[in-house]
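>>> Generate coordinates for the sequence data below:
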Amino acid sequence: MDGLDPVRRLCVAMGAETPAQGDPSGPLVDLAEGASMAAGLDQVTFQVLPAGILLVLNSGVNEPRVVADLTRELHNGLWRRNRSEAGARLRCRIAFHQGLVRLTDDGFEGQAVTVVGDLCASEHLHAELGASPRSDLAMIISGQLLDELAYPESADLHRGQFRPVSVALTAAMPGRSLPAYVYALGG
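Numbers count the residues shown, from 1 in each chain. Purely as a prediction, here's the structure:
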């Protein structure tokens, strides 16, 4: 990152849902790294969080391509993992938002980082995954970001495949909400 000045960046949060036994962070990190490589992302920084993973991309990336390709490759990685490994099925949540981010001694900070975390932890995203038992992945994207990236900007992101929701921002801006869109892949 360029010093301590905030820079507008695409932020991605990933979380896993598994049975109570086992720590999902190890498999989630492996899946996130594999999906990032398969999506051709070489300008991404990972930060492991207590509730999942934060990915912060360098400014200037092709955001529609990143959202579509990263989501697709994470979905593919989950499908392969869940069909080849014995044990608990891993189901994941992925959230996208963009905004100002700064690097501190403690890692990435800023409203965009907090908002993407709120999106990933939202009851709407959990409910979307819960309502789609055949799905391994559910995604949420902030309304502002989808408005900027949806078709015709990206042939892979169509507003019609998503369901609009309003997410309470508990950490970022308590008492406020953010328009967003959710979608369960392969359900």
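>>> Which other helices and strands does the top strand by length along the chain contact?
Using DSSP state E, we find that the single longest strand of the chain is strand 91-104. Here strand 91-104 touches strand 7-17, helix 63-84, strand 107-109, helix 111-121, helix 123-130, strand 137-142, helix 143-149, going by 3 or more C-beta pairs under 8 Å, 6 or more residues apart in numbering; DSSP states H and E. C-beta: built from backbone N, CA, C; applies to glycine.
>>> Quick check: which of the ones you listed has the most neighbours on average?
Across those, averaging neighbours per residue (mean count of other C-beta atoms under 10 Å) puts strand 137-142 on top, at a mean of 26.
>>> Residues contacting that one, please?
67, 71, 74-75, 78, 91-98, 115-116, 119-120, 122, 124-125, 128-129, 132, 149, 162, 165, 167, 178-186 (C-beta atoms under 8 Å, 6 or more residues apart in numbering).
>>> again with stretch 171-179
For stretch 171-179, contacts defined as C-beta under 8 Å, 6+ apart pick out 111, 114-115, 117-119, 142-144, 164-169.
>>> how about the nearest residue to S166, chain neighbours excluded?
S177 (4.7 Å; C-beta to C-beta, 6 or more residues apart in numbering).
>>> pLDDT weak spots in the protein?
1-4, 18-25, 85, 87, 172, 187 (pLDDT under 70).
>>> swap the cut-off to 90 and go again
Residue ranges of the chain with pLDDT under 90: 1-7, 17-28, 42-44, 48-51, 59-60, 82-90, 103-107, 150-161, 170-175, 186-187.
>>> roughly how far apart are the residue of the chain positioned farthest from its centre and L74?
Centroid-distance maximum for the chain: A86 at 25.7 Å, with C-alpha atoms, centre = their mean. A86 sits at a distance of 21 Å from L74 (criterion: C-beta to C-beta, to the nearest Å).
>>> same question, R176
Applying C-beta to C-beta, the value for R176 to L74 is 29 Å.
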